[in-house]
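Visitor: Please work out how this folds:
(one chain, ligands or ions: 2)
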Amino acid sequence: MSFQVIAHRGASGYAPENTAAAFRAALTLGADAIETDLRLSKDGRIVLMHDATVDRTTDGSGRVEELTAAELKSLDAGAWFDPAYRGERVLFLEEALALVDRRVPLVLEIKESARVPHLLSELKPALRRTSSSVVISSFAQQTLLLAREHLPSLPLAWLIPRGRFTAAEAIAQARPLGVQQLCPHALEVDAQWVRTAQEAGYAVRAWGIPGHSPAEMVRAMRHLVRCGASGATADFPDVLRSVVTLSANLPAG
Ligand code: G3P
Ligand code: CA
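Guide: Ligands and ions are numbered 1, 2, ... in the order given. Below you'll find the predicted structure:
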């Protein structure tokens, strides 16, 4: 069965997350899809940013939602990661869609905010202008319900918060959401979990592959492939691809 390798925030192990450089790296490395995080600027532009503030991933400070698009664009989003990326800019959704240009599907995670309804109303026309394949994901069930209302034709993925939900519990919570994918944490899933979810009609793609050491990362990747998951997000999509390719030949265990 094929396994979808999804570059997490772009290929964020190699380039500053959620920037054009990370997206280009993901394409260069042959990721099957790219995952990214959506927030709204003060003036209503959709920007790719994981954190609620710009402090960690730029040379600026403050809440994303309190900065205008022009203010966000003036920030350096690369030097924190590596001085070689100095000058890399914060990326907006429209720019990401143009950069990817339908080459791979996008997984758009809507981050929690009181402004989710506004973000969804901006997302609708932006996606109408592209023929890129898109999946909407969120940890927040309310956000998924709103997404289904605003964008009924798009597939939805529920990011299951950590806490050892059994497959039965996850399925029971997912039913009213109308999602197609269940996304458990990589370390909280096993083959039985995957099988139960798949038999209930869900694709299972994991998040949260740990990256503290290469050995730990590869172990988690091998585990997911062996569990029969249908995909995962990874900071190092090329490593995940290698693990998928090699898995058929690796000894069991
Ligand atoms: O793949 C989903 C993953 O991106 C969710 O966690 O915190 O990296 O957005 P986070
Ligand atoms: Ca994310």
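Visitor: thought residue 113 was touching residue 40?
Guide: Yes: if you go by Cβ atoms under 8 Å, residue 113 and residue 40 touch, sitting 6.9 Å apart. Where you see a C-beta, it was placed from the backbone N, CA and C, and this is true even at glycine.
Visitor: quick one, which of those two is more surrounded?
Guide: The residue with more neighbours, out of residue 113 and residue 40, is residue 40; 24 against 18, by other Cβ atoms under 10 Å.
Visitor: Give me the three-state assignment for the residue in the chain that ligand 2 sits nearest to.
Guide: Relative to ligand 2, the nearest point of the chain is residue 109 (3.9 Å; Cβ to the ion). Under DSSP: H, G, I helix; E, B strand; the rest coil, the three-state class of residue 109 is strand.
Visitor: on that earlier part again, okay, and the common contacts of residue 113 and residue 40?
Guide: When Cβ atoms under 8 Å, 6 or more residues apart in numbering defines a contact, the residues bordering residue 113 and residue 40 alike are 65, 119.
Visitor: So for residue 252, what's the pLDDT?
Guide: On pLDDT, residue 252 comes in at 60.
Visitor: Could you pull out the strands in the chain for me?
Guide: In the chain, the segments counted as strands under DSSP state E are 4-8, 33-40, 46-48, 106-110, 134-138, 156-159, 181-183, 203-206, 231-234.
Visitor: For those strands, could you give me JSON lines that also reports mean pLDDT and distance to ligand 1?
Guide: JSON lines is the format used below for the strands of the chain (pLDDT from 0 to 100; distance: least, Cβ to the nearest ligand atom, whole Å):
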{"stretch": "strand 4-8", "mean pLDDT": "98", "distance to ligand 1": "6"}
{"stretch": "strand 33-40", "mean pLDDT": "98", "distance to ligand 1": "5"}
{"stretch": "strand 46-48", "mean pLDDT": "98", "distance to ligand 1": "11"}
{"stretch": "strand 106-110", "mean pLDDT": "98", "distance to ligand 1": "5"}
{"stretch": "strand 134-138", "mean pLDDT": "98", "distance to ligand 1": "6"}
{"stretch": "strand 156-159", "mean pLDDT": "98", "distance to ligand 1": "5"}
{"stretch": "strand 181-183", "mean pLDDT": "98", "distance to ligand 1": "6"}
{"stretch": "strand 203-206", "mean pLDDT": "98", "distance to ligand 1": "8"}
{"stretch": "strand 231-234", "mean pLDDT": "98", "distance to ligand 1": "4"}
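Visitor: Can you say which of those is nearest to residue 26?
Guide: strand 4-8 (3.4 Å; Cβ to Cβ).
Visitor: Please see if that closest one touches ligand 2.
Guide: No: legend: contact between strand 4-8 and ligand 2 by Cβ under 5 Å from the ion is lacking; minimum distance shown is 6.9 Å.
Visitor: what number of residues lie near residue 212?
Guide: Neighbour tally, residue 212, other Cβ under 10 Å: 7.
Visitor: and the nearest residue to residue 131 once chain neighbours are set aside, what does it touch?
Guide: Excluding the flanking residues, the one nearest residue 131 by Cβ to Cβ, 6 or more residues apart in numbering is residue 102, at 5.8 Å. The contact partners of residue 102, taken as Cβ under 8 Å, 6+ apart, are 130-133.
Visitor: Give me the buried entries from those.
Guide: Neighbour-count burial (16 or more other Cβ atoms under 10 Å) is assigned, among those, to 130, 132.
Visitor: excluding its backbone neighbours, what's nearest residue 148?
Guide: residue 178 (5.2 Å).
Visitor: Tell me which residue is most central in this structure.
Guide: The centroid of the chain falls nearest to residue 35 when counting by Cα atoms, centre = their mean (3.1 Å).
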